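Engineer: task: produce atomic coordinates for the following.
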Amino acid sequence: MATFARPTFSAKAYAAFRPTYPASLFRTVLDYHQLRLAGNGTTLVDIGCGHGLIARALSPHFQHLVALDPSAGMVKQARQMTEDPKISFHQGRAEDLSPFVRPTSVDLAVAGQAAHWFDYSAVWSELARAMKPGGTVVFWGYVDGVLLGAENATAVMEKFVYGFGDVAPGIEGMAPYWEQPGRNILRGLLGSVDVPGDNWKDVTRITHKPGDPDGDSVAWLKKKMTLGEVEAYTRTFSCYSGWKDAHPEMKSRAEGGDGDVVDVMWDHMIDSTPEWKAMGGQWREAEVINDWGTYIIMARKK
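Structural biologist: This next block holds a predicted model:
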């Protein structure tokens, strides 16, 4: 994914402000895998590992963990944040696992917030080569959170994040700077991704559309956040990194400029919500529940 190689992309900020995964998600993964005792598993592969969050969380259940990411910056960040000797980090892709794992050696392969970038003409056959019979593959991800009870502000964010042309006077929307088709695949909660039946069985999908009243086992990424935290999170969007590269003259207020697209977006969001606007310069202290759209896809090797 080219975004993570951009000069404006910060792996450190991504690690700091992206949401973490709840224990309920990992229970779902391990229960499907039928792995309940620490140390029972042998090898886990974390594909698109980012800063190593998933590998660190699942490490107690495996003897060896191989974590891969196509971004050298992400791999560097993961190594800096991880002291676990069981985890090895490498620059690599889902489409070619051969430099990192032997055939039929992997118990569980996971991909969190990465599977929308895969080339599935190669990935399923590569995973089939690497997995043990009965081994499992689990992909999951999230997209487009709704700020519950702040529908007007959510609509403003949608306009700026997915708008083409000017979304405010002199401000181009961020839509052209999403990498495609990956973003649209993710927005569809990977419904367009088929699991082939030749090597895989027991396929299970769990999806949640943001704002739907699903239970916690389905709506597994819902978090109370301050608006300041949500603002910082929006600056980790890959489209924002692309927008900044395209508009280097427009500096954020934090950089001493007059404001960039995210500054202006938040101006409009605050104006749309009277209780936030009434807080004046303290609006970042307001709290909101962010409810993301999510998916989990699970399959077992025949």
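Engineer: A strand includes Val45, no?
Structural biologist: Yes - assessed with DSSP: H, G, I helix; E, B strand; the rest coil, Val45 lies in a strand.
Engineer: so where does the nearest residue to it once chain neighbours are set aside fall, helix or strand?
Structural biologist: Nearest non-adjacent residue to Val45, counting by Cβ to Cβ, 6 or more residues apart in numbering: Ala109, 4.5 Å away. Any C-beta I mention is one placed from the backbone N, CA and C, and that applies to glycine too. Element membership for Ala109 (DSSP states H and E) is strand 106-112.
Engineer: what's that strand packed up against?
Structural biologist: Helices and strands touching strand 106-112, by 3 or more Cβ pairs under 8 Å, 6 or more residues apart in numbering; DSSP states H and E, are helix 23-33, strand 41-47, helix 53-58, helix 120-130, strand 131-148.
Engineer: what is the shortest one packed up against?
Structural biologist: The reference is to helix 53-58. Judged by 3+ Cβ pairs under 8 Å, 6+ apart, the packing partners of helix 53-58 are helix 23-33, strand 41-47, strand 62-69, strand 87-91, strand 106-112.
Engineer: just to revisit the earlier point, contacting residues around the strand holding Ala109?
Structural biologist: For strand 106-112, contacts defined as Cβ atoms under 8 Å, 6 or more residues apart in numbering pick out 21, 29, 33, 35, 41-48, 50, 53-54, 58, 62, 94, 97, 118, 127, 130-132, 135-141.
Engineer: out of those, which are buried?
Structural biologist: Neighbour counting with 16 or more other Cβ atoms under 10 Å marks 21, 29, 33, 35, 41, 43-48, 50, 53-54, 58, 62, 94, 97, 118, 127, 130-131, 135-141 as buried within the contacts of strand 106-112.
Engineer: hmm, back to that, is it possible to get a markdown table of the helices and strands packed on strand 106-112 that adds mean pLDDT and distance to Trp292?
Structural biologist: Below are the helices and strands packed on strand 106-112 laid out as a markdown table (pLDDT from 0 to 100; distance: least, Cβ to Cβ, whole Å):
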| stretch | mean pLDDT | distance to Trp292 |
| --- | --- | --- |
| helix 23-33 | 94 | 12 |
| strand 41-47 | 93 | 20 |
| helix 53-58 | 96 | 16 |
| helix 120-130 | 97 | 23 |
| strand 131-148 | 95 | 4 |
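Engineer: give me the neighbour count for the residue nearest to Val45.
Structural biologist: For Ala109, the neighbour count with other Cβ atoms under 10 Å is 26.
Engineer: quick check: beta-bridge partners of it?
Structural biologist: In this entry, Ala109 is beta-bridged to Val45, Val137, by DSSP bridges.
Engineer: in space, what's closest to Phe139 - neighbours in sequence excluded?
Structural biologist: Ala115 (3.9 Å).
Engineer: and the strands in this structure, which stretches?
Structural biologist: Assigned by DSSP state E, the chain shows strands spanning 41-47, 62-69, 87-91, 106-112, 131-148, 166-168, 171-172, 200-208, 222-226, 287-301.
Engineer: give the other helices and strands that the fifth one contacts.
Structural biologist: Using 3+ Cβ pairs under 8 Å, 6+ apart as the contact criterion, the secondary-structure elements in contact with strand 131-148 are helix 23-33, strand 106-112, helix 151-162, helix 182-187, strand 287-301.
Engineer: got the buried residues for the first one?
Structural biologist: Okay, so that is helix 23-33. 25-26, 28-30, 32-33.
Engineer: picking that back up, ok, the residue nearest to Val45 to Ser192 distance?
Structural biologist: According to Cβ to Cβ, to the nearest Å, Ala109 and Ser192 sit 20 Å apart.
Engineer: same question for His208.
Structural biologist: Distance of His208 to Ser192, computed by Cβ to Cβ: 17 Å.
Engineer: these two: which is more packed in?
Structural biologist: Per other Cβ under 10 Å, whichever of His208 and Ser192 has more neighbours is His208, with 22 against 11.
Engineer: please name the bridge partners of the more buried one.
Structural biologist: Thr294.
Engineer: from now on call the first residue 44
Structural biologist: Noted, 44 is the first residue going forward, which turns the last one into His251.
Engineer: ok, it - contacts?
Structural biologist: Applying Cβ under 8 Å, 6+ apart to His251 gives the contacts 257, 261-263, 335-338.
Engineer: chain neighbours aside, what residue packs nearest to Ala289?
Structural biologist: Distances taken as Cβ to Cβ, 6+ apart put Tyr220 closest to Ala289, at 6.8 Å, once the chain neighbours are dropped.
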